[in-house]
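Peer 1: please find the sequence and the predicted model below.
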Amino acid sequence: MSDPVSLLFTVLILSLVVNIGISLYGVFTRPSLVKKFISLTIFSDTLNSFAIALGFRRVVEGYPSIAVLASIPEDVSELAVVANTAVDPVPQALVLTAIVIGLAVYMFLAGLIVMYYRHYRTTHVRPAGGGSIE
Amino acid sequence: MNKLLAVGLLPLFLMGSAFVLPGLSLVVKNQKFYRVYALAVSLIGLTIASTVFLETLRGEVVTYWFGGFRPPLGIIYIVDLFGATLGLLSMFILVLSIAYSNWMVRSRSEYLYYTFMLSLGAGSIGCLYTGDIFNFFVMLEVLSLSAYVLVSFYRDNPKSIEASIRYALVGMVATSLYLLAAFIIYGSYGTLNMADVALKSRHPGVSTVYSGGVFGNITFSSAIAIALSVWTFTFKAAIFPNHFWLPDANPEAPTPVSALFVAVIDLIGAYGIVRFLFTIFGDGSVVDALRYDILFVLHLLGGLSAVVGALLLLIQTDVKKFIAYSTISHMGLAFMAITVGTERGLAAAILQLISNSLSEALLFYTSGVAIVAAGRSIESIGYLRKRKLESAAFLIGLLNLFGIIPLLVGFWSKVFMFMAFLEVGYLSSAIVLVTSTGISGIGYVKLMNSLLRETPKAREDSRLGNTTAVKLVIATTVITLLALGISVVALPRFMSIVSEAGRAAVDYLAYVRAALGM
């Protein structure tokens, strides 16, 4: 724990877990649909940040390098160094996909909330009729 | 190699044809074109799904590598008999529902309706065929987003909008939790390939080409991943604590979509549970001890949802809500059969899923006619009295769900579930099965009774003049139900196929061999 990098890493993971809790609280308890919507975006952004953090799992000591070879290495052993110290790029690709999918869902949800507003002249969940969202 | 182009082709074909439709709508303004187009696309889809099914029937697990990348590296689609059977089922209901929509749905934006119908089918097939944990998430989102859109399709109705918002908010949280599970699995196994994870969860020491070995404490991380994904799957399958969305969202959707919900969305929940708890983290994996506890809890939840669904359907006054609660009850039974943990239980569950999807769809198709004529209240069913085929089919659908006629597949699915419970000594589960059948039976008889009552005032609707499409759809469903029921008795080969499908889900070695090419 004395190592600043792993300490910060622990702080990051802990804050992400707390963030998940807060955003889910927001989704399920706020009466305003817009606030629910914002909480939902915070929720999925938290998960995406978690995935990015996963990419650093093999790099506990020192600073990770970028997973790109700027020049063709003369020695094959340099490749091994890059492979061992570079950030795992797969989670970043996954997050990109997840963000794009999320964008589609959020745009649709935002549209729905606008329609809801047109029908009811409020963005608050109606207590009567359907009950609260839980 | 056991590669098959059809496996990779089907989801892409459905997705591609779905999203060509909005483009076509700029050129073609004729509504009839969209109807014929969607029907043709779904029929081709059914043909491809049958090809895949026939291929897996030979005992082979077929794969398709996207982009030609070797398995742990790229996304693969891999289909065993289990996935192929369910895929055939969901494509079959998709064809029926689209044919029914041709009759029922009248809107200025019909092309959008068919776009999302087809993408709903694509998402479902993608979930059933994929061999990649992250791709499963993508397909789950395709499926869910199409479902949210279809629930809110009648956007002039504030109730649809409200139901869709509620469904989308909670559904988004559910699929995000699955995404978190996928991240955790990637973090600890270094791979997203289901077969690769299945191999490493049994043999943690194995190191696969490209993806290497495992990382950290995989027992702990697998437990978290299972907990998160099981929550998502129980949500999708509408199992007791997570059942609330189905009676809320399903009735607000257009009737053909409601009919499709069981065969497409609830089915994916059940499929996901089987894939995760039997193939990926199945018998002999590092989470073995926990797995039995999870199966037991799911068994309890299945039983609860069977009884709660049966009790709640008694008090419904809305036909569509009635059918939704009946779905919850029957999905609960299917879950009980799945979580028995034996191959016989899985076979019974497959039969139950087939029987349930077909007969709930049949009920929606038949009551849809009454809904067009007289609204959604239970009394409106009396309208069907005038129509012989529709009322007969409605009765057959109810009797199949009730499960007392040995000619129908619903009876046999309950018999096999009963036997599967007794085989492992779950006497109380067998009692729950009989009790929930009895309780829901009261509701079904009540619905049959409303067939006998005086016809309520019917609206004039131009659609009611020509119901040939409805009759065709209904007749096909009834014939399928009867054919399946009879072949359970008359064709020994039929039951052996169902058992093989159950065995395929447990047989992780064949799955891994086919996927990793060993």
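Peer 2: That came through, no problem.

Peer 1: up against chain B, what does chain A have?
Peer 2: A:24, A:27, A:33, A:36-37, A:40, A:43-44, A:47, A:50-51, A:54, A:57-58, A:90-91, A:94, A:97-98, A:101, A:104-105, A:108-109, A:112-113, A:115-116, A:119-120, A:126, A:129-130, A:133-134 (Cβ under 8 Å from any Cβ of the partner chain). No exception for glycine: its C-beta is placed from N, CA and C like everyone else's.

Peer 1: now list the buried members of those.
Peer 2: Buried subset of these (neighbour count, 16 or more other Cβ atoms under 10 Å in any protein chain shown): A:24, A:27, A:33, A:36-37, A:40, A:43-44, A:47, A:50-51, A:54, A:57, A:90-91, A:94, A:97-98, A:101, A:105, A:108-109, A:112-113, A:115-116, A:119, A:133.

Peer 1: can you tell me which of the residues of chain A next to chain B are in helices?
Peer 2: Taking DSSP state H, the ones among these that sit in helices are A:24, A:27, A:33, A:36-37, A:40, A:43-44, A:47, A:50-51, A:54, A:90-91, A:94, A:97-98, A:101, A:104-105, A:108-109, A:112-113, A:115-116, A:119-120.

Peer 1: what about the helices in the stretch 151-300 of chain B?
Peer 2: With helices called from DSSP state H, counting those that start in this stretch, the stretch 151-300 of chain B shows them at B:158-189, B:194-202, B:218-236, B:245-249, B:255-261, B:267-274, B:288-314.

Peer 1: who's in contact with whichever residue of chain A sits closest to chain B?
Peer 2: Nearest residue of chain A to chain B (Cβ to the nearest Cβ) works out as residue A:119 at 3.9 Å. Neighbouring residues of residue A:119 by Cβ atoms under 8 Å, 6 or more residues apart in numbering or on different chains: B:158, B:161.

Peer 1: for it, give its distance to residue B:164.
Peer 2: Counting by Cβ to Cβ, to the nearest Å, the gap from residue A:119 to residue B:164 is 12 Å.

Peer 1: what do you get for residue B:495?
Peer 2: 41 Å.

Peer 1: and those two? Which one has more around it.
Peer 2: residue B:164 (29 against 16; other Cβ atoms under 10 Å in any protein chain shown).

Peer 1: and the residue of chain A closest to chain B, what pLDDT?
Peer 2: Residue A:119 carries a pLDDT value of 87.

Peer 1: buried residues, the worst-scoring helix or strand of chain A on mean pLDDT. List them.
Peer 2: Scoring the helices and strands of chain A by mean pLDDT, DSSP states H and E places helix A:77-85 at the bottom, with a mean of 75. Using 16+ other Cβ under 10 Å as the test for burial, helix A:77-85 gives residue A:85.

Peer 1: quick revisit: any chance of the helices of the stretch 151-300 of chain B in TSV, plus mean pLDDT and distance to chain A?
Peer 2: Shown next, in TSV, are those (pLDDT from 0 to 100; distance: least, Cβ to the nearest Cβ, whole Å):
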stretch	mean pLDDT	distance to chain A
helix B:158-189	91	4
helix B:194-202	90	13
helix B:218-236	91	10
helix B:245-249	88	7
helix B:255-261	91	16
helix B:267-274	93	16
helix B:288-314	91	15
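
Peer 1: how about those helices in JSON lines, adding distance to residue B:94?
Peer 2: Shown next, in JSON lines, are these (distance: least, Cβ to Cβ, whole Å):
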{"stretch": "helix B:158-189", "distance to residue B:94": "20"}
{"stretch": "helix B:194-202", "distance to residue B:94": "24"}
{"stretch": "helix B:218-236", "distance to residue B:94": "17"}
{"stretch": "helix B:245-249", "distance to residue B:94": "19"}
{"stretch": "helix B:255-261", "distance to residue B:94": "7"}
{"stretch": "helix B:267-274", "distance to residue B:94": "11"}
{"stretch": "helix B:288-314", "distance to residue B:94": "25"}
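
Peer 1: and residue B:174, how many neighbours?
Peer 2: The burial count for residue B:174: 22, using other Cβ under 10 Å.

Peer 1: which non-adjacent residue is nearest it?
Peer 2: residue B:235 (4.2 Å; Cβ to Cβ, 6 or more residues apart in numbering or on different chains).

Peer 1: could you check how far the one you found is from residue B:249?
Peer 2: 12 Å.

Peer 1: try residue A:45
Peer 2: When residue A:45 is compared with residue B:249 (using Cβ to Cβ), they lie 26 Å apart.

Peer 1: more crowded one of those two?
Peer 2: More crowded of residue A:45 and residue B:249, by other Cβ under 10 Å: residue B:249, with 30 against 17.

Peer 1: you'd agree the more buried one is up against residue B:162?
Peer 2: No. Here residue B:249 does not reach residue B:162: they are 9.9 Å apart, not a contact under Cβ atoms under 8 Å.

Peer 1: which one in chain A is furthest away from the centre?
Peer 2: Going by Cα atoms, centre = their mean, the residue of chain A most distant from its centre is residue A:74, 38.2 Å out.

Peer 1: residue B:100 reaches residue B:257, doesn't it?
Peer 2: No. Using Cβ under 8 Å as the test, residue B:100 is too far from residue B:257 to be in contact (10.0 Å).

Peer 1: ok, residue A:108 - contacts?
Peer 2: Going by Cβ under 8 Å, 6+ apart, residue A:108 touches B:145, B:148, B:149, B:168.

Peer 1: farthest-separated two in these?
Peer 2: Pairwise distances across the contacts of residue A:108 peak at 9.2 Å for B:149 and B:168 (criterion: Cβ to Cβ).

Peer 1: higher neighbour count, those two?
Peer 2: More neighbours surround residue B:168 than the other of residue B:149 and residue B:168, with 27 against 24 (other Cβ under 10 Å).

Peer 1: next one: the more buried one relative to residue B:424, how far apart?
Peer 2: 39 Å.

Peer 1: quick one: contacts for residue 19?
Peer 2: Defaulting to chain A. Contacts of residue A:19 (Cβ under 8 Å, 6+ apart): A:42, A:46.

Peer 1: you answered for a different chain; I wanted chain B.
Peer 2: B:115, B:119.

Peer 1: could you look up the SS state of it?
Peer 2: helix (DSSP: H, G, I helix; E, B strand; the rest coil).

Peer 1: tell me the confidence at it?
Peer 2: 90.

Peer 1: can you tell me how far it sits from residue B:122?
Peer 2: 9 Å.

Peer 1: isn't residue B:75 up against residue B:64?
Peer 2: No. Using Cβ under 8 Å, residue B:75 is not in contact with residue B:64; the gap is 9.4 Å.

Peer 1: phi, psi of whichever residue of the stretch 201-350 of chain B sits closest to chain A?
Peer 2: Nearest residue of the stretch 201-350 of chain B to chain A (Cβ to the nearest Cβ) works out as residue B:215 at 6.5 Å. For residue B:215, the backbone dihedrals are phi -130, psi 130 (criterion: degrees, to the nearest 10).
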